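K.L.:
Quick one, structure for this:
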Amino acid sequence: MRLNRFLASAGLGSRRSVEEIIQSGRVRINGRVIDDLATQVGPEDSVKVGSRVLQVQQTLHAVLHKPRGFLCTADDERDRRTIFELLPEKWPRVFHVGRLDRDSEGLMLVTNDGDLALRLTHPSFHVEKEYEVGLDKTFEPAHREKLLRGFHIPGGRAKAEQVGEIKPQLIRVVLRQGLKRQIRLMFYELGYEVVHLKRVRIGAIKLGHLRPGEWRLLTPKELTQLRATPAAPEPAPKAKPSRPRSARH
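P.N.:
Numbering: from 1, shown residues only. Coordinates of the predicted model:
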């Protein structure tokens, strides 16, 4: 197994992110510093990052229904509740894919599969995320087109891919972006307050009937669907306008 894949499987992040750890000279195999990304790790090798001895962990992929009031962090200095309190203690170290703020609820993926995490969060893959958005007042249909066209919020230009009405004050929104507090800020700019926010889908994975605080493992079919998400093609560079040739006399 290549060293970057080994480190990712041990829970240190995606293959791309662990390359920085390797190149920094912090990895030792059998006592020798290794900075070659192509190094192969065998079953008898001893691998250490700093003082930590690493082992390949069981790969886990799970869906969690995050309840309101829980943080997406492993540790909180104020000792508030976190999503990792909802998972089995015997599990290997896992991390969440994307995040939901404390006041939001719904579908989250947790895993120690760094490659899959990168595929689901990197902007080039444009994975769809679907939300149910409860508002403090009736949604004005004229605002739908503005959400679809997009506009600037703190953090960048934000736009929705799909907007539909479930009830007058309950809206379905699909995003392919992941700006911080994007939905709340977009509706705030339009004069609404979001009073309820629930993520119900990531890619092909749906929240279904999971109740707040419940989790389940992904099925092999669901994993195949997530891994098959194609990257969006790079936009073609704009052609420079040709300069007209001056006429010869």
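
K.L.:
okay, which residue is most central for the chain?
P.N.:
By C-alpha atoms, centre = their mean, the chain has its centre lying nearest to residue 98, at 3.1 Å.

K.L.:
Isn't that one up against residue 118?
P.N.:
No. Using C-beta atoms under 8 Å, residue 98 makes no contact with residue 118, being 11.7 Å away. C-beta here means a position set from N, CA and C on the backbone, and glycine is covered the same way.

K.L.:
Helices of this protein, start to end?
P.N.:
3-9, 15-23, 114-121, 143-149, 182-189, 220-227 (DSSP state H).

K.L.:
quick one on the thing from earlier: how near is the nearest residue to the residue nearest to the centre of the chain once chain neighbours are set aside to residue 79?
P.N.:
Among residues not flanking residue 98 along the chain, residue 121 sits closest, at 5.8 Å (C-beta to C-beta, 6 or more residues apart in numbering). Separation of residue 121 from residue 79 (C-beta to C-beta, to the nearest Å): 28 Å.

K.L.:
One more: residue 181?
P.N.:
Distance from residue 181 to residue 79, by C-beta to C-beta: 23 Å.

K.L.:
Also residue 210?
P.N.:
Distance, residue 210 to residue 79, by C-beta to C-beta: 26 Å.

K.L.:
Burial check on residue 108, number of neighbours?
P.N.:
Using other C-beta atoms under 10 Å as the criterion, residue 108 is surrounded by 23 other residues.

K.L.:
Pairing partners for it in the sheet, please.
P.N.:
Residue 108 has these beta-bridge partners by DSSP bridges: residue 64.

K.L.:
That one: what's it in contact with?
P.N.:
63-66, 72, 83, 96-100, 199 (C-beta atoms under 8 Å, 6 or more residues apart in numbering).

K.L.:
between those residues, which is closest to residue 23?
P.N.:
Checking the contacts of residue 108 against residue 23 by C-beta to C-beta gives residue 97 as the nearest, at 24.9 Å.

K.L.:
any idea of the pLDDT on the closest one?
P.N.:
For residue 97, the model assigns a pLDDT of 88.

K.L.:
Please apply the same query to residue 63.
P.N.:
96.

K.L.:
ok, for it, nearest residue in space, not its chain neighbours?
P.N.:
Of all residues not flanking residue 63 in the chain, residue 216 sits nearest, at 5.5 Å (C-beta to C-beta, 6+ apart).

K.L.:
Number of residues surrounding residue 189?
P.N.:
If we define neighbours as other C-beta under 10 Å, then residue 189 has 16 of them.

K.L.:
And residue 49, by the same measure?
P.N.:
Counted with other C-beta under 10 Å, residue 49 comes out at 17.

K.L.:
what's near enough to touch it?
P.N.:
Applying C-beta under 8 Å, 6+ apart, the residues near residue 49 are 7, 12, 21, 26-28.
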